[in-house]
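Undergrad: show me the folded form of this:
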Amino acid sequence: MPRPRPAATSVQAEALRRQAAHFGQLGSPLYERLGARLALDPTPAAAILDGDDGWDVGLRLFSGVHHLVLTGVAPDALSGDWGDFVNALEAHEEVLRAWMVEQGVQTNEVQRCIGLLPAFLTIAAETGLPLELLELGPSAGL
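TA: Numbering: from 1, shown residues only. Reported below is the predicted structural model:
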C-alpha cells in the first residue's frame, strides 16, 4: 500500500521562497524561477521534504536535483522546463528524500576569516617572509 503523501507546510514554502530569492541574487535565474514556482506550490516536493522545516530545505533539495543531473540519473531535471523538474522529483523521490537527510549544507562565509587579517599582516611585517596558506577543506572550519 503506497504511503500517504504529506502536504507541504507554509514554513517550507517560505524557506523555498527565500532560497529562490537567494538563487536570483547569486545569478542563477533558472534555480530562482524553479524555486519561486515551487514556493507557490510545494506539492511536487512535499513527499521529499516530508516535514523538514529547516532553513536550508531549498538549498538541499536543489543540490540533490543537481546531483541527479551531474550523475546522469535525471539529465533533463534542470532543463528549465517545469515538467522535467517535477518528473525528476517524482521519479527520484526516495533518492532525494535520503539526500535531504544525509546531506548537510556547507556555507563558505569568507567574512568569518576577517579576524585573521590583522594577525597575517603582523606576521608579514615582523618576519618579512611570505605567508602561505594551505586550504584544509571548505573554509578550513573557519
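Undergrad: which ones are touching the most centrally placed residue in the chain?
TA: Centroid-nearest residue in the chain, with Cα atoms, centre = their mean: Leu59, separated by 2.2 Å. Taking Cβ atoms under 8 Å, 6 or more residues apart in numbering, we find Leu59 in contact with Gln19, Val105. To be clear about C-beta, it is placed using only N, CA and C from the backbone, and glycine gets the same treatment.
Undergrad: ok, now Asp53?
TA: Thr9, Val11, Gln12, Ala15 are the contacts of Asp53 under Cβ under 8 Å, 6+ apart.
Undergrad: the last one - how many residues pack around it?
TA: Same thing as Ala15. By other Cβ atoms under 10 Å, the residues close to Ala15 number 24.
Undergrad: do the first one as well
TA: By the measure other Cβ under 10 Å, the count of residues near Thr9 is 16.
Undergrad: tell me the contacts of it?
TA: Contacts of Thr9 (Cβ under 8 Å, 6+ apart): Gly51, Asp53.
Undergrad: in the longest helix belonging to the chain, what's buried?
TA: Identified as the longest helix of the chain according to DSSP state H is helix 10-25. For helix 10-25, a neighbour-count test (16 or more other Cβ atoms under 10 Å) marks Gln12, Ala13, Ala15, Leu16, Arg17, Gln19, Ala20, Phe23 as buried.
Undergrad: check stretch 86-98 too.
TA: Val86, Ala88, Leu89, His92, Glu93, Val95, Leu96, Arg97.
Undergrad: C-terminal to the host helix or strand of Leu96, what's the next element?
TA: In this structure, Leu96 sits in helix 93-102 according to DSSP states H and E. Later in the chain than helix 93-102, the nearest helix or strand by DSSP H and E is helix 117-127.
Undergrad: kindly provide the whole-number mean pLDDT of that following helix.
TA: Regarding helix 117-127, the rounded mean pLDDT is 89.
Undergrad: turn the buried residues of helix 10-25 into TSV, columns for pLDDT.
TA: Below are the buried residues of helix 10-25 laid out as TSV (pLDDT from 0 to 100):
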residue	pLDDT
Gln12	88
Ala13	89
Ala15	91
Leu16	93
Arg17	94
Gln19	93
Ala20	95
Phe23	93
